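> Sequence below, structure please.
(2 chains, ligands or ions: 1)
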Amino acid sequence: MLESYIRSRRQEKDILLMTHIVLGYPDFETSLALVETMVQAGVDLMELQIPFSEPIADGPVIARACQKALERGVTVRRCLEAAHEAAANNDIPFLFMSYFNILFKYGTDAFVQRAREAGIKGAIVPDVPPEEGDEYLTAMTAHGLDPIFIFAPTSTDDRMKIVARHARGFVYCVARKGVTGEKTEFSRDLDGYLARCRRATELPLALGFGVSSPEDVDALRGRVDIAVVGSQAIRVLEDKGAAAVGEFIAGLRK
Amino acid sequence: MNRPGYHGRFGGAFLPEILVATFDQLGQAFAQAKADPSFWQEYTELMSTYSCRPTPLTPADNLSRHFGGARIFVKREDLNHTGAHKANNVMAQGLLVRRMGKTRVIAETGAGQHGVATATMAARFGFSCTVYMGEEDVERQRPNVFWMQQLGAEVVPVRDGSRTLKDAINEALRDWARNMDDTHYVLGTASGPHPYPEMVAYFQSIIGLEARKQILAQAGKLPKRVYACVGGGSNAMGIFSGFMDDDVELVGVEAGGKGLGTGMHAARLASDQGSVGVAQGYKTYFLQDDDGQMRDTHSVAAGLDYVGVSPILAHLHETGRARFESATDAEVVEALRLTMRMEGLIPALESAHAFAQAFKEAPKLGSDDVIVINQSGRGDKDIFTVADAIGDPDWERFIIKKAEAYHA
Ligand SMILES: Cc1ncc(COP(=O)(O)O)c(C=O)c1O
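The predicted model follows:
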């Protein structure tokens, strides 16, 4: 489902853009406005992060945004409603990004079913490796959502093959060690790693962690299918306001 | 269910992909060490020359007479170097780090106890050391911060989340995701993703091995009950493991804080407010809201102030092999006072939870019965916290004067 969408979009564009927002940060009105802005700026897919109090895979920018959202009383129910609204009004695929406890506590199957009803196409849950994924994968399959799995530079070739067996839609390749929101050098070093990713799966590849400028996106053209922009969009939002986010996103693929 | 890393339905390794290879490496290093008899020998030798192992088992006859029931014995983990059982785990992990050829260690700390132990180990082994500590705990535990720094560690205040122990764990995991090549994460308790619960419990089992032998030698029988306080669960697992296959009741005591009805506590198993969840890489009972967001916890003892609990203890709770109770801040301070006056022992506020519960139960047991309390640490180094908890006016005057002297 996601896979065919990505392939057909790639007929028209040499690289796709996936962006990320934290639902309810700084508030739901802004979140929904950001979605519109980003879609108008040409974004091809979006991650909607449901805040969790223990975001171990996130760096300071996203972790703080999640924390502020929670301090303001963001609930999972309200996130599901906002996602529903975003998906109903915008014609691109939306994915949930969160941590497993959010699904588990809601009831994994019930959560995935609600996500499907809200029009969500897939999910990125970074603390569910395939070994711990029975419940999650069963629910995702039952409701026709794509589980997006992750490759890291520390993943061995064998490990990538195991992960790839469970992946659908595309595979999210983490550009470097560490967490989100730090600087990445998109140098030639990436080539060996991306070649390993390529060999491990036929699925489209996305690359994220540290993508923050048109130069970064340029460097990824021809190497992956999707460039993922996360923390930098939050920084622009915090420094220059919601309006500047549209310009920033539109400028990434000039 | 016998999946590796699982204890009943608890445990697991819910890890971001970036850390999977590192945990695999650690799991292998631990399995090799466990299978190699020279490792345990090296460990016990180190602990007998660098720390005070075997630690004694002290008969607390004055307290026994006072309560008029069971005869009380105290396992003296307070006599370890750096003043708590934390040294056991930390020195064993140090040996493992050396085997893995890594040169840097990181740790989380709440009370500062585990941080000081890790900084000590790093100094001894020649590793560089970074300790993550919630900003609120940095404020509360200045003396431990001072010692960590004197021992050569870098102390990083964590400003995210509730700025306490769980947030320090998150930050340590983030550091590790960046620096796994040369760095080992010395987790301080029997919680977290596999293999930590099993590994830390194994290292701490030295407590129970000794205690079982000692009680048989000194009392001529096994204890009726064994009491230990429960933060993440390492000292409890340590002493319990010596009596797991015996007809001995295992009692874990959690922080009752200001009372279970107030919500200000850390009783994940002993209250009905904990529920199963997945956070910080493992599945266990957490204090969380209906959405799965972790709640703030409270205890007079910083070392018990944690939202999760060892998955091994969660399993023992569910199977009924161990019983979990809680003691309130007020009960704990009272138990500490009594123990100081009657035995000249100064338990850490954490350990005093085990004493408080044992005191509730000892009078109801027979005079033929024997019980063991694990004194996980000593309280004299927590003078600021203990003096605050007791509310000693002379101490307060002293601090005010001291502060004035710095101002002058
Ligand atoms: C003296 C002492 N006892 C107990 C604990 C609680 O940890 P655990 O439950 O892992 O034994 C701590 C933690 O800092 C401690 O310092």
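
> Every contact and neighbour count from this point should use C-alpha atoms.
Noted.

> Could I get the contacting residues of the closest residue to chain A within the stretch 51-200 of chain B?
Across the stretch 51-200 of chain B, the shortest distance to chain A (CA to the nearest CA) belongs to B:Arg178, at 3.8 Å. Counting by CA atoms under 8 Å, 6 or more residues apart in numbering or on different chains, B:Arg178 makes contact with A:177-179.

> Show me how to select, in ChimeraX, the buried members of these.
A single ChimeraX command is used to select the members of these judged buried by 16 or more other CA atoms under 10 Å in any protein chain shown:
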select /A:177,178,179
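
> buried residues in the one helix or strand the residue of the stretch 51-200 of chain B closest to chain A maps to?
In the assignment (DSSP states H and E), B:Arg178 maps to helix B:165-179. Neighbour counts using 16+ other CA under 10 Å place B:165-177, B:179 of helix B:165-179 among the buried residues.

> So which elements touch the helix or strand following it?
Downstream of helix B:165-179, the next assigned helix or strand under DSSP H and E is strand B:183-185. Counting contacts by 3 or more CA pairs under 8 Å, 6 or more residues apart in numbering or on different chains; DSSP states H and E, strand B:183-185 is packed against strand B:104-109, helix B:165-179.

> List the pairing partners of strand B:183-185 within its sheet, with orientation.
strand B:104-109 (parallel) (DSSP bridges).

> hey, C-alpha coordinates of the strand it pairs with in PDB?
The C-alpha trace of strand B:104-109 is given here as PDB (Å, rounded to 0.1, in the frame of the first residue of the first chain):
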ATOM      1  CA  ARG B 104      34.600   4.300  29.100                       C
ATOM      2  CA  VAL B 105      31.700   3.700  31.400                       C
ATOM      3  CA  ILE B 106      28.500   5.600  31.800                       C
ATOM      4  CA  ALA B 107      25.800   5.300  34.600                       C
ATOM      5  CA  GLU B 108      22.500   6.700  35.800                       C
ATOM      6  CA  THR B 109      22.100   7.600  39.400                       C
END
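
> Pass me the low-pLDDT residue ranges in chain A, would you?
Filtered on pLDDT under 70, chain A yields the residue ranges A:187-188.

> now the helices: where do they sit in it?
For chain A, helices defined by DSSP state H occupy the ranges A:2-12, A:28-40, A:60-71, A:76-89, A:100-106, A:108-117, A:134-142, A:157-166, A:189-200, A:214-220, A:231-240, A:242-251.

> Number of residues surrounding the closest residue to B:Met91 other than its chain neighbours?
Setting aside the residues directly before and after it, B:Met91 is nearest to B:Met121 in space (CA to CA, 6 or more residues apart in numbering or on different chains), at 6.0 Å. Taking other CA atoms under 10 Å in any protein chain shown as the criterion, the count of residues near B:Met121 is 22.

> Same check on A:Ala63?
Neighbour tally, A:Ala63, other CA under 10 Å: 24.

> try the one 3 residues further on
A:Cys66: 28 surrounding residues under other CA under 10 Å.

> which residues touch the helix or strand where B:Ala354 lies?
Assigning secondary structure by DSSP H and E places B:Ala354 in helix B:349-361. Residues from elsewhere that reach helix B:349-361 (CA under 8 Å, 6+ apart): B:67, B:227-229, B:252-255, B:300-304, B:325-327, B:331-336, B:373-379, B:386.

> do you know how far the residue in chain A that chain B sits nearest to is from the ligand?
As assessed by CA to the nearest CA, chain B sits closest to A:Gly178 within chain A, at 3.8 Å. Look at A:Gly178 and the ligand: by CA to the nearest ligand atom, to the nearest Å, they are 27 Å apart.

> wait, that residue sits on B:Leu173?
No. Because the distance of 9.4 Å does not satisfy CA atoms under 8 Å, A:Gly178 is recorded as not touching B:Leu173.

> Could I get the buried residue list for stretch A:120-138?
By 16+ other CA under 10 Å, the buried positions in stretch A:120-138 come out as A:120-130, A:133, A:136-137.

> Which of these fall in strands?
Counted as lying in strands by DSSP state E, out of the buried residues of stretch A:120-138, are A:122-124.

> Which residues does stretch B:188-207 contact?
B:5, B:11-15, B:23, B:26-27, B:30, B:77, B:85-86, B:88-90, B:92, B:107-109, B:114, B:187, B:232-235, B:237-242, B:280-282, B:308-312.

> Just the C-alphas of stretch B:342-357, formatted as PDB.
C-alpha atoms of stretch B:342-357 as PDB (Å, rounded to 0.1, in the frame of the first residue of the first chain):
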ATOM      1  CA  MET B 342      19.000   0.100  70.000                       C
ATOM      2  CA  GLU B 343      21.700  -1.400  67.800                       C
ATOM      3  CA  GLY B 344      24.100   1.400  66.900                       C
ATOM      4  CA  LEU B 345      23.400   0.600  63.200                       C
ATOM      5  CA  ILE B 346      22.600   3.300  60.800                       C
ATOM      6  CA  PRO B 347      20.700   1.900  57.800                       C
ATOM      7  CA  ALA B 348      20.300   4.000  54.700                       C
ATOM      8  CA  LEU B 349      16.800   5.400  54.300                       C
ATOM      9  CA  GLU B 350      16.300   2.900  51.500                       C
ATOM     10  CA  SER B 351      17.300  -0.100  53.700                       C
ATOM     11  CA  ALA B 352      15.200   1.300  56.600                       C
ATOM     12  CA  HIS B 353      12.100   0.300  54.600                       C
ATOM     13  CA  ALA B 354      13.000  -3.300  55.100                       C
ATOM     14  CA  PHE B 355      13.500  -2.700  58.800                       C
ATOM     15  CA  ALA B 356      10.200  -1.000  59.100                       C
ATOM     16  CA  GLN B 357       8.300  -3.900  57.600                       C
END
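
> Now do that stretch: distance to the chain's middle.
The chain centre lies 14 Å from the centre of stretch B:342-357; the measure is CA atoms, centre = their mean, to the nearest Å.
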